[in-house]
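Visitor: dropping a prediction and its sequence here:
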Amino acid sequence: MTTEETVSKPSNFIRDIIDEDLKSGKYTKIITRFPPEPNGYLHVGHAKSICLNYGIARDYNGEFHLRFDDTNPTKEEQEYIDSIKEDLKWLGCEWGEHEYYASNYFQQLYDWAVLMIEKGLAYVDDQTADEIRDTRGTLTEPGKNSPFRDRSIEENLDLFKRMKSGEFKNGEKVLRAKIDMASPNINMRDPVLYRILHEAHPRTGNAWCIYPMYDFTHGQSDAIEKITHSICTLEFQDHRPLYDWFIKVLPVPAEPHQYEFARLNLTYTVMSKRKLLRLVKDNKVNGWDDPRMPTISGMRRRGYPPEALHDFCERIGVAKANSTVDFSLLESSIRDNLNLHAPRFMGVIKPIKAVIENYPVGQHEYFDADNNPEDPNAGTRKVKFTREIYIDADDFMENPPKKYFRLSPGAEVRLKHAYYITCKEVIKDAQGNITELRCEYDPQSRGGSSPDGRRVKGTIQWVSAEDGVKAEIRLYDHLFTVENPDKVEDGKDFTDNINPDSLQVVTDAIVEPALAELEPGTTAQFIRLGYFCKDKDSKPDKPVFNRTISLKDGWAKTLAKS
RNA sequence: UGGGGUGUAGCCAAGUGGUAAGGCACCUGCCUUUGGAGCAGGCAUUCCGUAGGUUCGAAUCCUCCCACCCCAGCCA
């Protein structure tokens, strides 16, 4: 019998194209690129593109370039450049020496623009932005030629040079390609190549006051870097003819090709930089790295492992159909990864004190607790057991329903790693709130099983009242209450769908002391509760944890069904 | 009434003329010192957007139609 070890490598239509290009000898080396505009933070949609581009370069022994598409200084900032690089590194991308900026090519692009003029393929237009818009035509009607379209080459050359030298104000003139104002593809109706922007650029400072447009920049930058497969999202499909036109008309050093795939949409969130920026600017969240944000930095702070994001990007596939992925698919990748790798600890979010009446006052002992049942190499740690402990309020019910096998009066439950205990008495305050549980333990059940072999179904976590540490816990839920936040009635917008309960802060949780020692950024499992990531806001005496994701709750499901 | 795309299960997604992969979700059991995890099974009655056609045979080829997405920035 033979078992075929098929390591599932991602397959998609782009890789199919690359396979063919390699097979036909069109290329011998594949070069891809990730081309962010530094005008915001990266989000999980970018992660999809990164995994696609970087994954291809890696799997085909090719080359991966990071290229900032920094052609619009009115929106771009160094802070964004820095954050993008940090996020890419965290995702495990290595671009080595291949860090590029479209702004590196400004001079070459300018020279090519001059060449376009010389070939009669570009002209300086004096029309205002409004006039250009009004003469562009509509989806069904052709546009009208600009009255400046037939200027002489000499005049165009002169004007363009004067645009560059700063003689004109913003908006006074633009350089346009001379293609076809009647083209059914609006992108071909004499697109603007250069606009005047008296604005300092994060990289080039005040060296330029004219900046190339995306269409005049992207393909040529690809060609300069000898990118073989320029992969972008669907909305650029209409730009491909223009992309190809520049490549054909200009003496570029290579002939790259553009391929488009569908961008990622996720339920319960928004995925446009514009909207994410708004959430940040309007203080709907606490910054770009708020753990509720779908940004890479938000997910990092939330405690999502980068490997889980890779796994997710692999699972969703790459295709051309618009789609919205269930958030639960992302959660599945997160849980799968964390289950295997996250160390386990005990903590209680809503502590109730339980006193083990028959456990001697002043006595204590240590139990060995496995750090990760999924990973024998994770080892064990000591947890301290004492007469007074805390358990979670959710693990006790005075009047439990059927099949509830946690603690209740007279019921027996197993304390994880320790003993069986039985609740003997419930102490309440004047208002009737439970303040303390009086319990008894079975000394025979040390380690969590008894010689008589009796079955105790329920196992709960606990923390010693002697060495438990107080902690702040931030419980997160979806940022929006509906699957598609953009679907709103007239007069409303996506912010009307913000979930008012997306963040709940618990300040008096109690956790094992070992958790206070964890490095910020570490994600651990709190047994039976979920995964929690130590936040950078932690203080030595007051650790702070972000709930990354809860554990699946089978009990909640059976409750819901009954 | 222009151009460019896309329609396979609740959500993603393979499939490229030979009789509908896989994952998520969901449902059943089993197991369990996390009601987690794991294991076993179920989950598109040949309706693969719809209607025709070609073919021994069609999700795959052809034709009509329908639905949805993108494009009229001196944004990317």
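Guide: Sure, I can see it. Residues are numbered from 1 along each chain as shown, chains lettered A, B, ... in the order given.

Visitor: need the contact list for the residue lying closest to residue A:511 once chain neighbours are set aside.
Guide: Nearest residue to residue A:511, sequence neighbours excluded (C-beta to C-beta, 6 or more residues apart in numbering): residue A:347, at 3.7 Å. The C-beta positions use only the backbone N, C-alpha and C, and glycine is treated the same way. Going by C-beta atoms under 8 Å, 6 or more residues apart in numbering, residue A:347 touches A:461, A:463, A:471, A:473, A:509, A:510, A:511, A:512, A:515, A:526, A:529, A:532.

Visitor: swap in 10 Å and give it another go.
Guide: A:390, A:392, A:461-463, A:468-469, A:471, A:473, A:509-512, A:515, A:524-529, A:532, A:543, A:545 (C-beta atoms under 10 Å, 6 or more residues apart in numbering).

Visitor: I'd like to know which of the residues you listed are buried.
Guide: Using 16 or more other C-beta atoms under 10 Å as the burial test, these include A:390, A:392, A:461-463, A:468-469, A:471, A:473, A:509-512, A:515, A:524-529, A:532, A:543, A:545 as buried.

Visitor: tell me which of these fall in strands.
Guide: A:390, A:392, A:462-463, A:469, A:471, A:473, A:509-511, A:524-526, A:532, A:545 (DSSP state E).

Visitor: look up the closest residue to the residue of chain A found nearest RNA strand B, ignoring the ones flanking it.
Guide: Of all residues in chain A, residue A:448 sits closest to RNA strand B, at 2.0 Å by C-beta to the nearest atom of the strand. Counting by C-beta to C-beta, 6+ apart, residue A:448 lies nearest to residue A:414, which is 5.4 Å off, once chain neighbours are set aside.

Visitor: need phi/psi at the one you found.
Guide: Residue A:414 has phi and psi values of phi -100, psi 130 when expressed as degrees, to the nearest 10.

Visitor: beta partners of it?
Guide: With DSSP bridges as the criterion, the beta-bridge partners of residue A:414 are residue A:420, residue A:459.

Visitor: just give me the neighbour total for it.
Guide: Neighbourhood size, residue A:414 [other C-beta atoms under 10 Å]: 22.

Visitor: from residue A:189, how far out is it?
Guide: Using C-beta to C-beta, to the nearest Å, one gets 74 Å for the distance from residue A:414 to residue A:189.

Visitor: stretch A:204-224 near RNA strand B anywhere?
Guide: Yes: counting by C-beta under 7 Å from any atom of the strand, RNA strand B is contacted by stretch A:204-224 at A:211, A:213, A:214, A:215, A:218.

Visitor: pull out the buried residues from that stretch.
Guide: A:204, A:208-224.

Visitor: that stretch: end-to-end distance?
Guide: 19 Å (C-alpha to C-alpha, to the nearest Å).

Visitor: could you pull out the helices for the stretch 251-400 of chain A?
Guide: A:273-281, A:296-302, A:306-316, A:327-341 (DSSP state H, counting those that start in this stretch).

Visitor: and these: which comes nearest residue A:495?
Guide: helix A:273-281 (7.4 Å; C-beta to C-beta).

Visitor: what's that closest one in contact with?
Guide: With C-beta under 10 Å, 6+ apart as the criterion, helix A:273-281 contacts A:36-37, A:39-43, A:45-46, A:75, A:80, A:269-270, A:272, A:284-290, A:292-295, A:298, A:479, A:485-486, A:493-495, A:498.
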